[in-house]
Structure formats: C-alpha cells, structure tokens
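Asker: what follows is a predicted structure for the sequence shown.
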Amino acid sequence: MRNPNSQRLTRRAWLPLLTALLLAPAGFSQEPEKGVPAGVRLERDLAYIDGGDPAQKLDLYLPETQPESPLPLIVHIHGGGWRAGNKFPCPFTDYALRGYAVASVGYRFSQKAVFPAQIQDCQAAIRWLRAQAKTYHLDPSRVGVVGGSAGGHLSALVGTSGGKGVFPPIGAHADQPDRVQAVCDIFGPADFTTVVQQATADSNVKNIFAFNTPTDPYSSLIGAPLDDIAKAQAVSPVHYVDRNSPPFLILHGTHDALVPYAQSVQLKSALKAQGVPVWLQTLPGSGHGGPAFGKPAVQELARRFFDRHLKGENLAIELVPAAEVAVDPPKAK
C-alpha cells in the first residue's frame, strides 16, 4: 500500500494499486503503528446493524476517565475508493484525549453493494450512536464527521443530505436523526457530474483515470457510467446543499491527481451561495495527501473548527497562509 504521505503518483503506480489508494491522509493523529493512545479506551467492532454485513461495524474511542458532561462525537469515515480501506487504525483518536468521543465507521464496499449502500451505512451508524448516547456518555446534539478522499465524499454527503430522508434508512433507530453539526471534508469528490471535465481540464495534473471502465472507482460506485445524470447527481454532495447544511472545513491540495482541486472549489461556492459557513484550506503543491496535511497549523485549524462547532467555544477560524503549507508539486515520471 502506498504511503499517503508520498508526494509522487504516476499512472504506472496507480493502475496496479487502485484499490489501495484514495485513502484518508495521515498526520492528523498518532502514526497507525502506535495503536491506541494511552488514556483512551477502545470499544471495537460494535455492530450498528444487528445481524448485518461484517462491514457494518464501528470502533468507538472514549477517554478512560469519563468527564461529567456528555462527550461531543466525531465520526470518522475512512477512504479507499469506496472499495478498499479500513476503519482501523483511525487517524483521529487523539481527539478522545481532547474531550471528544471518536467513532470510526466501516461500510460496505462498491464491489459488494453499489451506492447508496455506503451512505445508508454511514447514516445508520450515526443513528445507532445517537441511540447509544446514554450507554457511552455521548452528546447526541453535537456530532461532527470527518474523512479523507472517499471518506471525505461520504462525510460531505452525510452533511448535505442529512435530515432530508433522500436515502431509505436501514437498520434500527429510525427515530434518531442523521443530521450532523460540522463536516471536515479532506479532498473528497463533491460532484460526479463535473469530475470528468475537471480532471481533463486541470493543468496541474495529468488525468490518471480511465473513466467509465472497471478501473474507475467513480463509475463503479454508482454502477453506471458517469453520464447517467440522475445517478451522478444522487451521489454528489453539492446536489443537496441548502441553507441548512452544517458548517464545512475543506482541505485540498492543488496538485491532486485523484480528486480535482476544482471539486472542492465548487463545493465551497455552493455552500457559500447558501450562506453556510465554509472554509477551504488550499495546500499549494500538495497531491492526494502529503506532509502538508500533517503540519501543526493545519491540525490546529481542524481542532479549532471542531471546538467551535461541537464544543461551542468562541474561536476564530483562520485559514493557514498559503506560504506556510506550500510544497513542491509531485514529480510525474
């Protein structure tokens, strides 16, 4: 599996490693090999659908010392092109040391079930977590979601489609809401109807996809060519944006060869047009992940975003100056 901190991505490297890419970025928490931080308790493989698919489970990270007040919850959705990846290890477990509970959600992959299975799973997990609020000392009114790449897409879709009932609910707890109060979208696809054109037009990177073929994770997710407008719109977070969408923090590199940077620009514009608080942190030169995403200033930006919108702290959200996060672009071979 290619290190998501790598700045190099070529067509030759991409094709045989397709299912190992589109992963969430490293650098926001402990290195995966370190496991669970001291002071954090892990409840692993909790089934959010009784008798469901083996993938329909989540890991829950809680502080070992339970605070008096219920914990705000951050739900992590992993990447992997909607057909790979894993909920463990979770790169956001250190939030459990900062007054949060953290859930890392597994979901069915597209080779087993095409869309909307993935968003149905994520929404079912959120409803289940709210139903277990008393058991795990959670605050069901303060739930945020975060993910990278495919996980960024699902996080954004959770945010913009929440509360609308557009995807038939699965599992129990249909009485619980699936709306969230904050979204951190890390280079997630936002509009499947424009991604082909944007990938072709991006002068910063060479398009590495053979769209609408078996190697294309986008069309594989919806089980149809991307010119199927109804299905492409249904899977696209921008399609559901309205004035009730939650606040968004978006992180994206300008030289991303897997998800065009223009996808995040488009999502920001749609949210801003509806008056939704949105911040787009541009990382000049970065590809699909890379060391800039792990810079302390970027990590602090994400922490302040969640502290403001899930803890209610009176914090200013200021983007990191481009010069502080700029890197040399990946070199194509």
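Answerer: Here it is on my side, so go on. The structure displayed is predicted, hence computed values, not measured ones.
Asker: by mean pLDDT, point me to the weakest helix or strand of this protein.
Answerer: Every helix and strand of the chain was ranked by mean pLDDT, DSSP states H and E. The lowest is helix 11-14, at a mean of 36.
Asker: next SSE downstream of that helix?
Answerer: Under the assignment DSSP states H and E, the closest C-terminal helix or strand after helix 11-14 is strand 40-47.
Asker: which strands and helices lie in contact with that next one?
Answerer: strand 57-63 (3 or more Cβ pairs under 8 Å, 6 or more residues apart in numbering; DSSP states H and E). All C-beta spots, glycine's among them, are computed from the backbone N, C-alpha and C.
Asker: quick one: buried residues of stretch 171-184?
Answerer: 171, 173, 176, 178-184 (16 or more other Cβ atoms under 10 Å).
Asker: who touches that stretch?
Answerer: 48-50, 52, 56, 75, 123-124, 126-128, 130-131, 140-147, 155-156, 158-159, 162-163, 169, 246-251, 302, 305-306, 309-310 (Cβ atoms under 8 Å, 6 or more residues apart in numbering).
Asker: hmm, 6 Å instead?
Answerer: Applying Cβ atoms under 6 Å, 6 or more residues apart in numbering, the contact partners of stretch 171-184 are 49, 123-124, 126-128, 130-131, 142-146, 155, 158-159, 162-163, 246-249, 302, 309-310.
Asker: confirm Val75 sits in a strand?
Answerer: Yes. Assessed with DSSP: H, G, I helix; E, B strand; the rest coil, Val75 lies in a strand.
Asker: my read: it touches Ala103, true?
Answerer: Yes. In this structure, Val75 is within contact of Ala103 by Cβ atoms under 6 Å, at 4.9 Å.
Asker: ok, the two, which is more surrounded?
Answerer: Ranked by neighbour count (other Cβ atoms under 10 Å), Val75 and Ala103 place Ala103 first, with 30 against 24.
Asker: thinking again about what came up before, inside helices: which ones of the contacts of stretch 171-184?
Answerer: The members of the contacts of stretch 171-184 that map onto helices under DSSP state H are 123-124, 126-128, 130-131, 155, 158-159, 302, 309-310.
Asker: point out where the protein drops to low pLDDT.
Answerer: For the chain, the stretches with pLDDT under 70 are 1-34, 332-333.
Asker: try it again at 50.
Answerer: 1-33 (pLDDT under 50).
Asker: next, the distance between the ends of stretch 319-328.
Answerer: 20 Å (Cα to Cα, to the nearest Å).
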